[in-house]
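> Sharing a model that was predicted from the sequence below.
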Amino acid sequence: MEQPITIFNAPAMLIGCAALLICLAVQGSTVALVMGRLKPRLRALALQNRNGPAHLMFFASIIILLMSHLAQILIWSMVLYWPGILPNPHHAVLLAGSTYTTVGFANDTLPEKWQLLEVIMAVTGLFAFAWSTSIFYALSQQLYREED
């Protein structure tokens, strides 16, 4: 009789938590860049009523945060492809993107032994997108400051 595979296995937990920490380090570095460098510039432009350049700075921040999310999807796809969990790099990127964004457009799932990675991937995306949303809010407050 075959032993059932437990989804909460140590290799999946260790690999998943390591990937989550790497992704959140990428997100944190990107947030530090945006908030440390771009937010003060955006604020200065807004205070000078230079709305066009201020909005361009805001949109540049959005693109930088998007690049962070794409980098995190690539990190997850490497986690799936390099150790051989998925044999095809295209499939690894597609599954990572589908799961990280929690959209779920990829029809396939990981082998049963590794399905915990999908849960951790989705949690990573939820954390990172929530963090980005808070940054968008902070930046938009600089653009649309109340008149004193």
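Perfect, thanks for sending it. Numbers count the residues shown, from 1 in each chain.
> give me every residue that touches the residue nearest the centre of the chain.
Closest residue to the average C-alpha location of the chain: His69 at 3.6 Å, with CA atoms, centre = their mean. With contacts defined as CB atoms under 8 Å, 6 or more residues apart in numbering, His69 is in contact with Tyr100, Gly125, Ala128, Phe129, Ser132. No exception for glycine: its C-beta is placed from N, CA and C like everyone else's.
> what's the distance between it and Val34?
His69 sits 13 Å away from Val34, taking CB to CB, to the nearest Å as the criterion.
> follow-up on the earlier one: just the contacts of His69 now: which is nearest Ser29?
Within these, the smallest distance to Ser29 is 11.9 Å, found for Ala128 (CB to CB).
> Name the nearest residue to the closest one, ignoring sequence neighbours.
Gln27 (4.7 Å; CB to CB, 6 or more residues apart in numbering).
> The one you found: neighbour count?
22 (other CB atoms under 10 Å).
> now Leu70
Leu70: 13 surrounding residues under other CB under 10 Å.
> Run the chain-centre distance for whatever helix or strand it lives in.
Secondary structure assigned from DSSP states H and E places Leu70 in helix 51-81. Offset of helix 51-81 from its chain centre (CA atoms, centre = their mean, to the nearest Å): 8 Å.
> Check which residues of that helix are buried.
54, 57-58, 61, 64-65, 68-69, 71-73, 75-81 (16 or more other CB atoms under 10 Å).
> what mean pLDDT does that helix have?
The average pLDDT within helix 51-81 is 97.
> following it, which helix or strand comes up?
Assigned by DSSP H and E, the successor of helix 51-81 is helix 89-100.
> and the angle from that following helix to helix 51-81?
When axes from the mean of the first three to the mean of the last three CA atoms, to 10 degrees is applied, the directions of helix 89-100 and helix 51-81 differ by 120 degrees.
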